[in-house]
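# Okay, here's the prediction I keep looking at, along with the sequence it came from:
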Amino acid sequence: MIEAEGLTKIYGNQVVAIEDVTFRVERGQIVGFLGPNGAGKTTTMRILTGYMPPTRGRARIAGYDTVLQSLEARRHIGYLPETVPLYPEMSVRAYLGFMAEIRGIPNRKAAVERAMALTGLEDRADALIGKLSKGYRQRVGLAQAILHNPDVLILDEPTIGLDPRQVREVRELIQELGKTHTILLSTHILAEVQQICDRVLIIHRGRIRADMTLGEALRSRRPDRIFLRVDGADAQVPEALHGLPVVHRVERLERGVYEIQVAPEAREDPSPVLAEAIVRRGWRLLELRPVGLTLEDLFLQVTAQD
Ligand SMILES: Nc1ncnc2c1ncn2[C@@H]1O[C@H](COP(=O)(O)OP(=O)(O)OP(=O)(O)O)[C@@H](O)[C@H]1O
């Protein structure tokens, strides 16, 4: 479990990188940590991994304070930084063995074999890291993060720079690891959060602005847009719908396809009114569905506020 309580970090007496950051990641959850550049993600992750202390507040990993019980806390956390220092001239197995050695991990050989098995690296065990694809190198990064069998993982932009197939493989691997680990994952890719996370945390200008399950995030507001497909007099459709009180704006996306922006003051569900207006004119209604609130909408809304 990850607990952050009132974390504040002030660099050099003046740059307030994060302020009063409080959140929890429960055991077995995968949480997406989102924020624009410079929002404070790396600072928060560095405090959680015990790399530096907060100016105020405290963090606990599996119940251990990251400052007062840093050794215990570190034992429970695995970290995949944005760029993992890998040694291209070493084989995967030799590199992981070396990392296990410098971290003083007991039963080194077994720990290396276990980490390779969990990250699907067994068939590349003897390959030189410098000869691996980026996707496989990212697996090596994940393998070094889980060498000491931590229950918490902090992953910084784990799929950056990978091709679509590798992205899918690494995401599947993270999902698999998520079955047995608590994971905090920073990313700029909203689809990634939507695909693999249970919760989302959005940080903006050093403060947490949203902390909710994905379901809550996407259901948090009534959809204000409706997608329509109509077989009728194409040019007349926008005009006909625009006159309805529930409609604020009609955008024609292509022939017979429209997006309706619902009037903000509309209280009733606009769907029946729209359907009736179309059918009454003798047109055929082929599709009518609310355009769901996307994570991108939420992100833009939250990070637009000061
Ligand atoms: N060592 C430092 N000294 C002074 N200011 C710093 C230091 N590290 C970060 N900052 C500032 O703190 C703020 C938060 O930075 P941080 O790197 O935590 O953001 P981030 O969300 O990780 O951004 P990115 O997505 O670009 O990596 C920024 O304004 C940054 O300029």
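Perfect, I can see it now.

# so after the longest helix along the chain, what's the next helix or strand?
Under DSSP state H, the helix in the chain containing the largest number of residues is helix 164-178. Using DSSP states H and E, the next helix or strand after helix 164-178 towards the C-terminus is strand 182-186.

# For the longest helix of the chain, name the packing helices and strands.
Counting contacts by 3 or more Cβ pairs under 8 Å, 6 or more residues apart in numbering; DSSP states H and E, helix 164-178 is packed against strand 30-34, helix 134-145, strand 182-186, helix 190-196. Where C-beta positions appear, they are placed from N, C-alpha and C, glycine not excepted.

# just checking, what packs against the helix or strand of the chain with the lowest mean pLDDT?
Lowest mean confidence among the helices and strands of the chain (mean pLDDT, DSSP states H and E): helix 214-219, at a mean of 76. Applying 3+ Cβ pairs under 8 Å, 6+ apart, one finds that helix 214-219 contacts strand 199-204, helix 295-304.

# helix/strand/coil for E239?
Three-state call for E239 (DSSP: H, G, I helix; E, B strand; the rest coil): helix.

# same check, this time on the one 10 residues further on
R249 falls in the strand class when you classify it by three-state DSSP.

# got it, and G57?
Following three-state DSSP, the label given to G57 is strand.

# Look up how far I10 lies from it.
Distance, G57 to I10, using Cβ to Cβ, to the nearest Å: 11 Å.

# Ok, R103 next?
Where I10 is concerned, R103 sits at a distance of 31 Å (Cβ to Cβ).

# likewise M45?
In this view, M45 and I10 are 17 Å apart by Cβ to Cβ.

# if we can go back for a sec, and of the helices and strands packed on helix 164-178, who's closest to the ligand?
Nearest to the ligand, of all the helices and strands packed on helix 164-178, is strand 182-186, at 7.2 Å by Cβ to the nearest ligand atom.

# any idea of the mean pLDDT in the closest one?
Here strand 182-186 scores 95 as its mean pLDDT.

# shift numbering so it begins at 155
Okay, residue one is now 155; in that scheme the one you just asked about reads as strand 336-340.

# Which strands and helices lie in contact with it?
Checked by 3+ Cβ pairs under 8 Å, 6+ apart, strand 336-340 has strand 169-179, strand 184-188, helix 195-202, strand 306-310, helix 318-332, helix 344-350 packed alongside it.

# got CSV for those, with mean pLDDT too?
What follows is those, written out as CSV (pLDDT from 0 to 100):
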stretch, mean pLDDT
strand 169-179, 96
strand 184-188, 95
helix 195-202, 95
strand 306-310, 95
helix 318-332, 89
helix 344-350, 88
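
# so which of those is the most packed in?
Most buried of the helices and strands packed on strand 336-340, by mean neighbour count (mean count of other Cβ atoms under 10 Å): strand 184-188, with a mean of 25.

# State the number of residues packed around R406.
By the criterion of other Cβ atoms under 10 Å, R406 has 14 neighbours.

# Bridged to it, which residues?
Y412 (DSSP bridges).

# my guess is it meets P392, correct?
Yes. Using Cβ atoms under 8 Å, R406 is in contact with P392, at 5.7 Å.

# Quick one: name the residues of the chain near the ligand.
Counting by Cβ under 6 Å from any ligand atom, the chain comes close to the ligand at 165-166, 169, 171, 189, 191-197.

# Distance from stretch 248-266 to the middle of the chain?
Distance of stretch 248-266 from its chain centroid, counting by Cα atoms, centre = their mean, to the nearest Å, is 30 Å.
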